[in-house]
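Student: Sequence first, predicted model second:
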Amino acid sequence: MKIWHSVVLASTALVFTGAAMAGDVSRGEELSAACAACHGADGNSALGEWPKLAGQHAGYTYRQLKAYRDGDRDNVIMYDQVKDLSDQDMRDLAAFYAEQEMSVGGADPDLVERGEEIYRGGIPDRGVAACMACHVPAGGGMGAAGFPRVGGQHAQYNATQLDLYRSGERQTDPNRMMRSVAERMSDEEIRAVSSYLDGLHRRAED
């Protein structure tokens, strides 16, 4: 109950005004040509080190682009790509990617059971809340609260971000939400839940 209470409070604190932030999809598609080499023409990157942007909540993508440009998220390649973008450019890009459909990945069968345990039940003895409390059962996240879609994302990218949160190198999580989770997880646990997320998606009949 204490863990869930903390998640609810943090979720409430993350809700922000203008979550949708109007963006021009057509203009975003034009701008996305510069992003396609790494992220794919439709936002589905071919390599696991680069995140899929397709289907991601527009507000989340916008804030990450802004974080790269403003130095709140450190990545030399991304900074070089976004340093000259205006806020409206980033809104347009985010709107375009939000309209695309994320491709479905696949989890390592040997890691599914442990990954699902962590995603759906957390690690109670270490105070790690269930991931689905914020990212919902099918991994779609909650755009209005600022929680990104994680289902279907590359396992390699997921694991890298959890590692960065755990080390404190990534600090784009209000109230230290992700850092407090990741710092209590082992390498094996990060690997398992990251792999599970790769294959997590909402079934067409759901």
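Tutor: Great, that's in hand.

Student: Can you check the pLDDT for the residue positioned nearest the centre of the chain?
Tutor: Of all residues in the chain, the one closest to the mean position by C-alpha atoms, centre = their mean is Pro148, 4.3 Å from it. pLDDT for Pro148: 98.

Student: Test my guess that it contacts Gly55.
Tutor: No. At 10.3 Å, Pro148 does not count as touching Gly55 under the criterion of C-beta atoms under 8 Å. Any C-beta I mention is one placed from the backbone N, CA and C, and that applies to glycine too.

Student: and the chain, what are its domains?
Tutor: Domain ranges of the chain: 2-12+104-198, 17-98, per automatic domain parsing.

Student: Tell me the confidence at Thr12?
Tutor: On pLDDT, Thr12 comes in at 44.

Student: let me redo that: Asp92
Tutor: 98.

Student: what's the burial count for it?
Tutor: As a burial measure, Asp92 scores 25 neighbours (other C-beta atoms under 10 Å).

Student: tell me the SS of it?
Tutor: helix (DSSP: H, G, I helix; E, B strand; the rest coil).

Student: i'd like the first residue to be 363 from this point on
Tutor: Will do, 363 is the new start, and the previous item becomes Asp454.

Student: Show the contacting residues for the closest residue to it other than its chain neighbours.
Tutor: Nearest non-adjacent residue to Asp454, counting by C-beta to C-beta, 6 or more residues apart in numbering: Gly390, 3.8 Å away. Gly390 makes contacts with 454-459, as judged by C-beta atoms under 8 Å, 6 or more residues apart in numbering.

Student: mind listing what Ser557 touches?
Tutor: Applying C-beta under 8 Å, 6+ apart, we find Ser557 in contact with 469-470, 473-474, 477, 517.
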